[in-house]
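Student: need a structure here:
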Amino acid sequence: RGVVDVRVNHWEDCLRRGADAAACRKAKQAAWRACGWMRSFAAITPSTLAWSLFYRGVAYHLAKRPTHARKAWQRSLAIAQQMEMPCEMALAHRELGRQAAADGKDPASHFAQTQEILARLGVPPAAVERAR
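Tutor: Next up, the predicted model:
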């Protein structure tokens, strides 16, 4: 998961700071390649599928494909719920809430779910902001 996290965050940072197009294109390709590796790994290690879909959702978000991002996060959430993975559930709810807000929809239920899960786990909300 670490490689995907680094690659996706590098792409996001590249976009945020307005780096040149070639550097952002290279970061984007590396991020998608890492998402593919994680997807392959998830095929043999099902416990990583929620993370694979989570990062795929982030990549779709960065690629300005909100519908695909939302679907990936919804699938990530469903798998995390099935496998009883609360941290992954909280992160998926957070991203779904952010996407809802960006779409002009009410994000309250997703953010409330995030807070409820974090409280149950004893995790400070600030820790989730650093996660990913």
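Student: what about the helix or strand where residue 5 lies, average pLDDT?
Tutor: Remark: residue 5 resides in helix 2-16, with elements defined by DSSP states H and E. Helix 2-16 shows a mean pLDDT of 95.
Student: With just CA atoms, put that helix into PDB.
Tutor: The C-alpha coordinates for helix 2-16 follow below in PDB (Å, rounded to 0.1, in the frame of the first residue of the first chain):
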ATOM      1  CA  GLY A   2       2.900   2.300   0.700                       C
ATOM      2  CA  VAL A   3       4.000   2.600  -2.900                       C
ATOM      3  CA  VAL A   4       0.500   3.500  -4.100                       C
ATOM      4  CA  ASP A   5       0.200   6.100  -1.400                       C
ATOM      5  CA  VAL A   6       3.500   7.700  -2.400                       C
ATOM      6  CA  ARG A   7       2.700   7.700  -6.100                       C
ATOM      7  CA  VAL A   8      -0.800   9.000  -5.700                       C
ATOM      8  CA  ASN A   9       0.300  11.700  -3.200                       C
ATOM      9  CA  HIS A  10       3.100  12.700  -5.600                       C
ATOM     10  CA  TRP A  11       0.600  13.200  -8.400                       C
ATOM     11  CA  GLU A  12      -1.700  15.200  -6.100                       C
ATOM     12  CA  ASP A  13       1.200  17.400  -5.000                       C
ATOM     13  CA  CYS A  14       2.300  17.900  -8.600                       C
ATOM     14  CA  LEU A  15      -1.200  19.100  -9.500                       C
ATOM     15  CA  ARG A  16      -1.500  21.300  -6.300                       C
END
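Student: Buried residues, that helix. List them.
Tutor: 4-5, 7-8, 10-12, 14 (16 or more other CB atoms under 10 Å). For the C-beta atoms, the positions are set from N, CA and C on the backbone; glycine is no exception.
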